[in-house]
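Engineer: mind folding the following:
(one chain, ligands or ions: 1)
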Amino acid sequence: MRRPRRPPVTSQDPPGASWVAAQVPKRWLPRDYAALWHPFTQADEWEKQTENLVIERGDGVYLFDTDGRRYLDGTASLWCNVLGHRHPRLDAAVRDQLGRIAHTTMLGLSHPGVIEHAERLTALTGLDRVFYSDSGSTAVEVALKMAFQAKQQLGETGRTRFVALTDAYHGDTVGSVSLGGIELFHGIYRPLLFEALRIPSPERAAAGEEAVCLAAAQSLFERHGAELVALVVEPLVQGAGGMRTHTPAFLRALVDLARAHGVFVVVDEVATGFGRLGTMFAIEQASVKPDFLCLAKAITGGYLPLAATLTTEAIYDAFRGPYTEHRTFFHGHTYTGNPLAIAAANATLDAYADERVLERLPVRATALGTALRAVTHPCIKEVRHAGMMGAIVLAEADGSPFVAAARVGHRVSLATRRHGAIVRNLGDTVMVMPPLVMEPAESALLAQAVGSAIADVLGPSAG
Ligand SMILES: *Cc1c(COP(=O)(O)O)cnc(C)c1O
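Structural biologist: You can find the predicted model right below:
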């Protein structure tokens with residue numbers, strides 16, 4: 001049956017009936033507006049929105065604002081909280097470490113926790129060496145510089161370029177932005193960046209679309225294979241690109257192409273690592289062993305900043321030699337391998353084992369998918385779901401995109417707060433990324449909150 005066509009949504013559209021003005025935490029926000037600059041946030045909107053929240057504490061999968069209101073954490077505090085907030089084991093581990101030392105450097109010194117954690121990561125991944133830093137961006141930046149320097153020191157000096165996928169996101173530092181392919185985020189910086197070659201990425205895991213992208217990849221490697229240092233890829237899901245998906249077979253084929261041309265493979269599991277897609281690492285689903293693996297976000301359970309770039313012994317060996325040959329990797333961040341973050345990271349791995357987090361994932365992941373698909377509205381173009389990651393893609397009922405000025409995705413994210421949950425949008429795609437421990441009943445509430453918000457902003461689903 002044809003649905004009645006609703007007129008295009010504009011920024012002037014009145015909010016839905018259930019829209020109730022939030023009580024603004026007046027003590028804090030004016031001071032925020034006066035002193036802060038928020039990431040990925042338009043100040044003109046931020047200072048006017050009535051839904052701004054000041055989060056004071058958390059408990060499990062819930063966040064609490066300064067008015068004591070409770071919200072489901074549908075962003076996993078930006079994709080990194082996996083075990084819930086105020087997890088007793090993680091809290092205790094950080095406190096315990098505080099009783100010894102908060103920070104000591106990795107530059108020329110070591111500490112017990114970091115040795116233990118590196119051993120655990122190498123055992124989990126089959127890679128040999130761990131280089132620590134403090135964010136996903138730096139994990140990628142480190143991989144880029146290591147890969148480049150390794151090729152130089154292996155005598156393959158003609159290899160100076162990188163290839164990445166369209167719609168890729170690898171972080172916000174200049175090197176990782178060079179690999180990024182999201183025009184809205186990265187376009188303005190192009191004059192500052194090195195130019196990466198691009199393989200078209202499939203919008204979703206579908207054989208036909210992937211075949212076209214692979215054919216393009218093949219001809220790119222034939223033309224440029226000898227110039228390339230590395231292929232850099234987010235495995236199975238391009239998160240910040242709006243949850244674009246590809247099959248394990250597609251990933252595998254890309255990796256095979258790179259290998260055939262002597263090109264390193266850098267896998268960015270900053271978003272997908274630590275169980276997000278159902279396996280500890282997404283590469284397990286494609287039986288891929290990269291030369292570099294970038295980890296961050298969930299590595300500390302979402303507690304403290306930490307990142308790791310893993311690589312092979314062969315690459316580590318390419319950096320050996322007498323000091324005066326300058327084969328050393330001259331790179332390191334001040335808080336690299338910070339003991340408090342490492343304590344949280346070790347406790348996270350303990351909790352994964354003890355709480356059988358991965359074993360319990362299938363039930364929770366299926367429930368999240370079911371809950372998201374149960375949200376219906378003529379303006380839902382598509383529901384994407386993999387593991388504990390989901391996205392609701394919004395568009396006009398005829399499938400055409402909303403005008404950007406209508407800020408539909410943004411308004412839906414804000415409206416979700418009125419229904420007791422916090423989510424974030426990427427354009428008109430509403431991302432749903434709960435902690436891995438979110439139970440089926442909570443996922444249902446989270447999805448319902450998003451559904452109610454969609455109805456608030458776009459009108460009830462009756463059309
Ligand atoms: C978030 C993210 C990054 C950047 O991590 P930060 O810690 O924000 O610097 C890099 N790659 C991917 C795939 C990400 O999702």
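Engineer: can you name the residue of this protein nearest the ligand?
Structural biologist: Evaluated by C-beta to the nearest ligand atom, the chain has G136 as its residue closest to the ligand, separated by 2.1 Å. Every residue, glycine included, has its C-beta placed from N, CA and C.
Engineer: how is the protein divided into domains?
Structural biologist: If you go by automatic domain parsing, the domain ranges for the chain are 21-83+357-458, 90-354.
Engineer: so how far is the longest one from its chain's centroid?
Structural biologist: Distance, stretch centre to chain centre, for domain 90-354: 12 Å (C-alpha atoms, centre = their mean, to the nearest Å).
Engineer: end-to-end on that domain?
Structural biologist: 13 Å (C-alpha to C-alpha, to the nearest Å).
Engineer: now swap in stretch 117-133 and tell me
Structural biologist: 13 Å.
Engineer: wait, does it contact the ligand?
Structural biologist: No. Using C-beta under 6 Å from any ligand atom, stretch 117-133 stays clear of the ligand, with a minimum separation of 9.6 Å.
Engineer: now do the buried residues in that stretch.
Structural biologist: Judged by neighbour count using 16 or more other C-beta atoms under 10 Å, the buried positions of stretch 117-133 are H117, A118, L121, L124, T125, L127, R129, V130, F131, Y132, S133.
Engineer: adding distance to G387, write those out as a markdown table.
Structural biologist: A markdown table is the format used below for those (distance: C-beta to C-beta, whole Å):
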| residue | distance to G387 |
| --- | --- |
| H117 | 24 |
| A118 | 26 |
| L121 | 20 |
| L124 | 17 |
| T125 | 18 |
| L127 | 22 |
| R129 | 28 |
| V130 | 24 |
| F131 | 27 |
| Y132 | 26 |
| S133 | 26 |
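Engineer: just to revisit the earlier point, including mean pLDDT, could the domains of the chain go into CSV?
Structural biologist: CSV is the format used below for the domains of the chain (pLDDT from 0 to 100):
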stretch, mean pLDDT
domain 21-83+357-458, 95
domain 90-354, 97
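Engineer: get me the contact residues on this protein for the ligand.
Structural biologist: Within reach of the ligand by C-beta under 6 Å from any ligand atom, the chain has these residues: 135-137, 140, 169-171, 234, 239-240, 268, 270-271, 296-297.
Engineer: same thing but 8 Å
Structural biologist: Within reach of the ligand by C-beta under 8 Å from any ligand atom, the chain has these residues: 78-80, 135-140, 169-173, 176, 234, 238-240, 268-272, 294, 296-297, 305, 307.
Engineer: in the stretch 301-450 of the chain, which spans are strands?
Structural biologist: Assigned by DSSP state E, counting those that start in this stretch, the strands in the stretch 301-450 of the chain fall at 307-311, 380-386, 389-394, 421-422, 424-426, 429-432.
Engineer: redo these as TSV? Include distance to E183.
Structural biologist: Shown next, in TSV, are those (distance: least, C-beta to C-beta, whole Å):
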stretch	distance to E183
strand 307-311	26
strand 380-386	20
strand 389-394	18
strand 421-422	27
strand 424-426	13
strand 429-432	15
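Engineer: format the ones you listed as TSV; extra columns: mean neighbour count and distance to A371.
Structural biologist: Compiled in TSV, those are given as follows (neighbours: other C-beta atoms under 10 Å; distance: least, C-beta to C-beta, whole Å):
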stretch	mean neighbour count	distance to A371
strand 307-311	26	31
strand 380-386	19	9
strand 389-394	25	8
strand 421-422	25	12
strand 424-426	20	18
strand 429-432	26	9
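Engineer: nearest to F194, out of those strands?
Structural biologist: Smallest distance to F194 across the strands of the stretch 301-450 of the chain (C-beta to C-beta): 18.7 Å, for strand 307-311.
Engineer: endpoints of stretch 118-136, how far apart?
Structural biologist: Termini of stretch 118-136 sit 17 Å apart (C-alpha to C-alpha).
Engineer: please apply the same query to stretch 428-446.
Structural biologist: Using C-alpha to C-alpha, one end of stretch 428-446 lies 18 Å from the other.
Engineer: about what we covered before: between the buried residues of stretch 117-133, which is nearest P322?
Structural biologist: Nearest member of the buried residues of stretch 117-133 to P322, counting by C-beta to C-beta, is R129, at 20.3 Å.
Engineer: ok, the closest one - contacts?
Structural biologist: R129 makes contact with T122, L310, T311, T312, E313, I315, Y316 under the criterion C-beta atoms under 8 Å, 6 or more residues apart in numbering.
Engineer: count of residues packed around the last one?
Structural biologist: Neighbour count of Y316, defined by other C-beta atoms under 10 Å: 15.
Engineer: redo the buried residues of stretch 117-133 as a markdown table? Include secondary structure.
Structural biologist: As requested, the buried residues of stretch 117-133 are exported to a markdown table (DSSP: H, G, I helix; E, B strand; the rest coil):
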| residue | secondary structure |
| --- | --- |
| H117 | helix |
| A118 | helix |
| L121 | helix |
| L124 | helix |
| T125 | helix |
| L127 | coil |
| R129 | strand |
| V130 | strand |
| F131 | strand |
| Y132 | strand |
| S133 | strand |
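Engineer: can you pick out the most distant pair from these?
Structural biologist: Pairwise distances across the buried residues of stretch 117-133 peak at 18.4 Å for L124 and S133 (criterion: C-beta to C-beta).
Engineer: hmm, Q238 is touching T166, no?
Structural biologist: No. With contact defined as C-beta atoms under 8 Å, Q238 does not count as touching T166 (9.0 Å).
Engineer: list the residues that contact both of the two?
Structural biologist: Common neighbours of Q238 and T166 (C-beta under 8 Å, 6+ apart) are S201.
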